[in-house]
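Trainee: Attaching a predicted model along with its sequence, questions to come.
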Amino acid sequence: MPKHTVGQGESIPSIAAQNGFFSDTIWNHPENAKLKELRKDMNVLMAGDEVFIPEKELKEEPGATEQKHRFKRKEEPHKLKLVLLSMGKPRANEEYVLDVDGRLVKGKTDTAGKIEQKIPGNARSATLILRGGKEKHALSIGNLDPIDEVSGVKQRLNNLGFNCGAEDGKMNEAFSGALSKFQAKYYLPVTGKIDDRVKAKLKEFYP
């Protein structure tokens, strides 16, 4: 089967669901070893990446004729993870409603402002509803670029309120300024450049 070229917003879970596979079957396939080494996280791919999709294999189960048999379909849970902040501080113990494709899930953030909810692997968007419906946030699932890409760092900075403009691969003055502010806020060496400490801190917000 030809390789699949990743589009914006796609991930291994969404590609697997579309093709009738479990995510691990595709992610751990030897043909995808280089991609796995490059991206490290099956949920964060880059548009233009290539994913090998294997041929489906027929699985047979024995069973007596003229009898009813019950088969249980395995589920593949995926999680949406968010951290809610206000003025840099966690929005702790706050009630929310998450709308994923019309399915409403109620919950409460933990003491660190974190949300973790199971979602379908092919979910592409959701709406987070807070304060009894007074506050709503549209969420694009899978649209985050890898943190090793400049565009991925820009996306994370913009989401955290450090405006660096267009979320492309260009390292310009706006990006350097936003990065410097981020470094200063979290007591990192202020260089205006991407380094391992910047990535590590961003991963705390985007695990």
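Mentor: Done, it's in. Numbers count the residues shown, from 1 in each chain.
Trainee: ok, residue 186 - contacts?
Mentor: Contacts were defined as CB atoms under 8 Å, 6 or more residues apart in numbering; by that measure residue 186 touches residue 201. C-beta coordinates here come from the backbone N, C-alpha and C atoms, glycine included.
Trainee: How many residues are close by the residue lying closest to residue 191 once chain neighbours are set aside?
Mentor: Leaving out its chain neighbours, the residue that sits closest to residue 191 by CB to CB, 6 or more residues apart in numbering is residue 183, at 6.9 Å. Applying other CB atoms under 10 Å, we find 20 residues neighbouring residue 183.
Trainee: Show residues contacting the helix or strand in which residue 183 is found.
Mentor: If you go by DSSP states H and E, residue 183 is part of helix 173-185. Residues lying outside helix 173-185 but in contact with it, judged by CB under 8 Å, 6+ apart, are 88, 150, 153-154, 157-158, 160, 162-165, 188-194, 198, 201.
Trainee: Please report how far the residue nearest to residue 191 lies from residue 82.
Mentor: 23 Å (CB to CB, to the nearest Å).
Trainee: neighbouring strands for the lowest-mean-pLDDT helix or strand in the chain, and are they parallel or not?
Mentor: When the helices and strands of the chain are scored by mean pLDDT, DSSP states H and E, strand 78-83 comes last with a mean of 82. Strand 78-83 has the following sheet partners, assigned by DSSP bridges: strand 114-119 (antiparallel).
Trainee: Strands of this protein, start to end?
Mentor: Remark: strands assigned in the chain by DSSP state E are 4-5, 50-51, 78-83, 85-86, 89-90, 95-100, 103-108, 114-119, 125-130, 135-140.
Trainee: residues near the closest residue to residue 151 other than its chain neighbours, how many?
Mentor: Among residues not flanking residue 151 along the chain, residue 145 sits closest, at 4.6 Å (CB to CB, 6+ apart). Residue 145 is flanked by 20 other residues according to other CB under 10 Å.
Trainee: Thanks a lot, catch you later.
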